[in-house]
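Colleague: Structure for this input, please:
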Amino acid sequence: MYLVKTPSIVKPLAKEFLWSISTSEKEIYLTFDDGPTPGVTNKVLDLLKSFSAHGTFFCLGKNVLAYPDIYQRIRSEGHSVGNHTWDHPDGWKTNDYTYLKNIARARKVIDTALFRPPYGRITPSQVRAIKNKFQLVMWSVLSADFDKTISKEQCLSNVLNNTENGSIIVFHDSEKAKENMLYALEECLEFFTNEGYTLRAITQR
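Modeller: Sure thing, here's the model as predicted:
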């Protein structure tokens, strides 16, 4: 079960997290979780470059270690990166010591002050332990590109119908999400560019 659009009531209840960017400008923030992934992240970077867009890549430490050339390309082309743990543990199912150690391991290869918990699941005690070290970034729009039961057209609709100024949108540069994500991403880039939006990377606030 997941929600495509984060309910507005949630945000005041979890002020430690960045859910969206407060702005009156036509700006949106594309984010990509779980990479870098060969054959997927490269295509995302090609698409972003072709539209002069920037994004934020929440990387897994193990993937950065395995594919440092892709990670370096992300950095060199002006995108921002975030820590997404070493190997994607569920914070609700992982004790604090193990979870924090996982984050610290990823931090050795991902130089960033941004963090997004896998699945968006993190306990209050885990938040307290890292909130002074990281900007905790969530999202306001979930593309659901990972959901094999929806079409690529529905994935696109999820984004187009729920995005507004300052939205933080989640895609996944993973093998599982590849088909839905690449289709929806290209269509979104074309649509929002034509509508006069600037697609920005998230920076530490």
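Colleague: and the longest strand seen in the chain, how far out from the chain's middle?
Modeller: Assignment by DSSP state E gives strand 27-33 as the longest strand of the chain. Put simply, strand 27-33 sits 6 Å off its chain's centre (Cα atoms, centre = their mean, to the nearest Å).
Colleague: Can you mark which positions in that strand are buried?
Modeller: 28-33 (16 or more other Cβ atoms under 10 Å). Yep, even glycine has a C-beta here, placed from its N, CA and C like the rest.
Colleague: That strand - which strands sit beside it in the sheet, and in what orientation?
Modeller: According to DSSP bridges, strand 27-33 forms sheet pairs with strand 55-59 (parallel), strand 168-172 (parallel), strand 198-199 (parallel).
Colleague: To Leu18, which of those lies closest?
Modeller: strand 168-172 (7.3 Å; Cβ to Cβ).
Colleague: immediately after the closest one, which helix or strand?
Modeller: As assigned by DSSP states H and E, the chain's next helix or strand after strand 168-172 is helix 178-194.
Colleague: Give me the contact list for that following helix.
Modeller: 28, 30, 39-40, 43-44, 47-48, 50-51, 53, 143-147, 150-153, 155-156, 158-160, 163, 169, 171-173, 199 (Cβ atoms under 8 Å, 6 or more residues apart in numbering).
Colleague: give me the element Ile70 is part of.
Modeller: With DSSP H and E as criterion, Ile70 is part of helix 68-76.
Colleague: re the thing from before, just the buried ones among the contacts of helix 178-194, please.
Modeller: By 16+ other Cβ under 10 Å, those give 28, 30, 40, 43-44, 47-48, 53, 143-147, 155-156, 158-159, 163, 169, 171-173, 199 as buried.
Colleague: Flag the shaky bits of this protein, pLDDT-wise.
Modeller: Across the chain, the ranges flagged by pLDDT under 70 are 1-2, 7-13, 205.
Colleague: Tell me which stretches of it form helices.
Modeller: 10-13, 41-50, 61-66, 68-76, 96-107, 124-130, 152-160, 178-194 (DSSP state H).
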